[in-house]
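Student: predicted coordinates and the sequence they were generated for:
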Amino acid sequence: MIEKIFRSYDIRGAYPNEVNENIAYIVGHYFGDLCKGQKIIIGFDGRLSSGALFEALIQAITEAGAIPVSLGLVPTPVLYFANSIFSPAAAIMITASHNPKEDNGFKMILSGESFFGEKISGLKKFAANFHRAYHPFKYLDIENIDISEDYIKRILQDIKINSKLKIAWDIGNGAAGDVVSKLVQSMPNNNIVINAEIDGNFPVHSPDPMEESNLDMLLETIKENQCDLGIAFDGDADRVVFITSQGDILYGDQTVLLFAEDVLRSNSGATIIVEVKSSQVLLGHIEKCGGKVLMCKTGHSIIKTTMKKTGALLAGELSGHMFFADKYFGYDDAIYAALRMIDLLSRNETSLDILYSQIPKLFTTPEIKISIPDDKKFQIIEDIKQHLRGMGREFIDIDGIRYSDGDSWWLVRASNTEPSITLRLEAALKENLYIIKSDLKDILSAHGINVDF
């Protein structure tokens, strides 16, 4: 179980069989030991199991000699904001982000830095040798703080909002419900917020806006109310999806393209971080706008760390994580990204429909997920690498395999958050997309994976 839930940049698994109070207790003791006498800020999302995990976590932190400080039920960006302004010894968010309602987990920060990779490996070793069972206390008196008003004030800073804009927001019953409901009260335009009630059952749809079926209600709201823009968040509001008034859904890399063009207008030569699943259109457009492209592994923790090292002003993922160091803190904040899109449209007095129509369109697939057990997915990637080397092919392997053949490319990589591998393909011509699809199908079939896309 421990091997499965300790992933590359967080802890995540099904409650209670994989992630449970005992795991929370272990995590609390680990961070409590590292941060004795210092404060650890904690937030949790609206999942049904988050309260129980929170109780076990704060008890362990207290027993280990550190000081837990609770933000209460908040979206993940509020925890990141608290970490940025208070600089605690550590910060822990209880969430499974976009995963199904049965899952839960932990996103962690230590000394202001994302806690991932080898650091998580150290925590995993600690967990394997930790043999104390969790026995709950009846009551723990800890410090509670509410920074939602400060957060809202900060994200509205320097944001221009055209009062004529009509915007539909789908919170998806996720943790952003209360914050966004307060936020729109401070906005001068017409905002229609749906599914704002925080409900860990996610009764309307699952908390992943990257699944197009989960956007049906938002699309209907946009159509019925003639909205200019639609905005959807995942369960903890670190991912965002934008929809035009005509119902066109932007891929994450198309959103990054619009943000990059805007940032580069006043920051020529700035570095923009993209991930390996990004369209060639994005890479070329950043360079055309005078920016420097830096291709990076997928993963919010990896990207945030790389942004700090390189001074990049913007980063984004196909999955909807958007990172602004331009006028902001450099972490993935879907609510702030939504305001930056509103600001972009307001300052340029244009519509998202027009901007979307101007993006060059290649023949591109969305991200395709194939279920593969966690204990097999990484080995499959390694086997395919050896297969390609045997064929004499060159490829980019910073995160999985990105193979290019002229103006076409395909990608296959192992997910770090789910038991799956993901695929994406792109070509300038439709017939060439068929060719690279056939090529990738043959390679996957040689390794026992039969797909139809």
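Tutor: Structure's in. What do you need?

Student: spell out for me which residue occupies the centre of this protein.
Tutor: Centroid-nearest residue in the chain: His321, 4.1 Å away (criterion: C-alpha atoms, centre = their mean).

Student: how many residues are close by the closest residue to that one other than its chain neighbours?
Tutor: Closest residue in space to His321, ignoring its immediate chain neighbours: Asp332 at 4.2 Å, by C-beta to C-beta, 6 or more residues apart in numbering. From N, CA and C alone the C-beta is placed, and that goes for glycine too. Per other C-beta atoms under 10 Å, the neighbour tally for Asp332 reads 26.

Student: correct me if wrong: Asp332 contacts Leu314.
Tutor: No - the criterion here is C-beta atoms under 8 Å, and Asp332 misses it with Leu314 at 11.4 Å.

Student: common neighbours of these two, please.
Tutor: 322-323 (C-beta atoms under 8 Å, 6 or more residues apart in numbering).

Student: state the distance from Glu113 to Gly406.
Tutor: 40 Å (C-beta to C-beta, to the nearest Å).

Student: over to Gly235?
Tutor: Going from Gly235 to Gly406 by C-beta to C-beta gives 40 Å.

Student: those two: which has the busier surroundings?
Tutor: Set Gly235 next to Gly406 and count neighbours by other C-beta under 10 Å: Gly235 wins out with 32 against 11.

Student: the helices in the stretch 151-300 of the chain, which residues?
Tutor: For the stretch 151-300 of the chain, the helices defined by DSSP state H, counting those that start in this stretch cover 177-185, 216-225, 252-266, 280-288, 300-310.

Student: would you reformat those as TSV and include mean neighbour count and mean pLDDT?
Tutor: Listed next are the helices of the stretch 151-300 of the chain as TSV, based on neighbours: other C-beta atoms under 10 Å; pLDDT from 0 to 100:
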stretch	mean neighbour count	mean pLDDT
helix 177-185	18	98
helix 216-225	16	98
helix 252-266	22	98
helix 280-288	18	96
helix 300-310	20	95
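
Student: so which of these is nearest Asp10?
Tutor: helix 300-310 (7.5 Å; C-beta to C-beta).

Student: list the contacts of the closest one.
Tutor: By C-beta under 8 Å, 6+ apart, the residues outside helix 300-310 that reach it are 8-10, 113-117, 238, 271, 273, 275, 294, 296-297, 312, 315, 317, 321, 323, 325, 330-332.

Student: now a ChimeraX select for only the buried ones of the residues you listed.
Tutor: In ChimeraX syntax, the buried subset of the contacts of helix 300-310 is picked out as below (16 or more other C-beta atoms under 10 Å):
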select :8,9,10,114,115,116,238,271,273,275,294,296,297,312,315,317,321,323,325,330,331,332
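
Student: OK, contacts around His20?
Tutor: Check again: residue 20 is Asn, not His. Neighbouring residues of Asn20 by C-beta under 8 Å, 6+ apart: Leu53.

Student: any idea how far Lys124 is from it?
Tutor: Distance from Asn20 to Lys124, by C-beta to C-beta: 16 Å.

Student: what pairs with Ile194 across the strands?
Tutor: Applying DSSP bridges to Ile194 yields these beta-bridge partners: Asp170.

Student: wait, it touches Ile167, no?
Tutor: No - Ile194 is not in contact with Ile167 according to C-beta under 8 Å; the separation is 11.4 Å.

Student: please say which of the two ends up with more neighbours.
Tutor: Between Ile194 and Ile167, counting by other C-beta under 10 Å, Ile167 is the more crowded of the two (23 against 18).

Student: do you know how far Asp45 is from Gly174?
Tutor: Distance from Asp45 to Gly174, counting by C-beta to C-beta: 7 Å.
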